[in-house]
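Trainee: no sequence on this one, just coordinates:
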């Protein structure tokens, strides 16, 4: 088979990415790496049309003296007796705006993959190679950011403020003993005041309704006055009758 892929990075940068096996493993679409093994060892699911075949195996990318790269892979079906053996040669050629990668090689397969249409298998393998090379180029194009200077505790160190003298506790991140004691005292006092102060706002307690109680003297004065008035009226009428 032969397949060509254009990537928008220089060939030299892609060579650097291919020289790192861990970098190559991260670029393989869908590769589930096996813990404690070589970077390119694990499981890979190949989708062919409406079917999928999962393989477990290993691969390796090796540079050659002529500037090409050899890709050798050997895998077996995770659920079956089929196997695949791959041998590819990658050739990198600088072109305008990037480089062209030409993949040539052969593959020997047995098992379920041989029961699927050959054209569909070729399309699936070409798609996998294209995604792998594009991901490898995009990942290799990212430059690592410079690490920030860290202090003794591993946290980023803060630059001293220009308006503060040397030896200020803001430069070391630790306050002196006097400042720490004053801070604890203020925090304790504030907590005590908050604990003994009534809540305000929406959490303030609703005051109980006030009941107005009358004065006992006023309460008995009204009946006494009414009684006196009635007695005066009776006496007046009695005097009038006598006359």
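Mentor: Thanks, I have it. These numbers come from a predicted model, not from an experiment.

Trainee: CA only for contacts and neighbour counts going forward, please
Mentor: OK.

Trainee: could you report the pLDDT at the closest residue to residue 107 other than its chain neighbours?
Mentor: Leaving aside its sequence neighbours, residue 107 sits nearest to residue 86 (C-alpha to C-alpha, 6 or more residues apart in numbering; 4.5 Å). pLDDT for residue 86: 93.

Trainee: which parts of the chain are helices?
Mentor: 11-18, 21-27, 118-141, 169-172, 177-196, 216-242 (DSSP state H).

Trainee: show me where pLDDT drops low in the protein?
Mentor: Applying pLDDT under 70 to the chain picks out residues 140-224, 240-243.

Trainee: one more time with 50
Mentor: Scanning the chain for pLDDT under 50 picks out 143-173, 190-192, 194.

Trainee: contacting residues around residue 34?
Mentor: Contact analysis of residue 34 by C-alpha atoms under 8 Å, 6 or more residues apart in numbering lists 41-43.

Trainee: buried stuff in stretch 113-124?
Mentor: When burial is assessed from 16 or more other C-alpha atoms under 10 Å, stretch 113-124 yields the following buried residues: 113, 121, 124.

Trainee: ugh, wrong one, I meant stretch 57-74
Mentor: 57-61, 68-74.

Trainee: taking those together, which two end up most distant?
Mentor: 57 and 68 (23.3 Å; C-alpha to C-alpha).

Trainee: okay but residue 5 is in contact with residue 95, surely?
Mentor: No. Using C-alpha atoms under 8 Å, residue 5 and residue 95 do not qualify as a contacting pair, with a distance of 11.6 Å.

Trainee: can you lay out the buried residues of stretch 113-124 as a markdown table showing distance to residue 228?
Mentor: Shown next, in a markdown table, are the buried residues of stretch 113-124 (distance: C-alpha to C-alpha, whole Å):
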| residue | distance to residue 228 |
| --- | --- |
| 113 | 122 |
| 121 | 122 |
| 124 | 118 |
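
Trainee: among those, which one sits closest to residue 103?
Mentor: residue 124 (14.5 Å).

Trainee: contact partners for the closest one?
Mentor: Residue 124 neighbours (C-alpha under 8 Å, 6+ apart): 46-49.

Trainee: so what sits opposite the spatially closest residue to residue 79 that is not a sequence neighbour in the bridge?
Mentor: Nearest non-adjacent residue to residue 79, counting by C-alpha to C-alpha, 6+ apart: residue 54, 7.6 Å away. Taking DSSP bridges as the rule, residue 54 bridges to residue 45.
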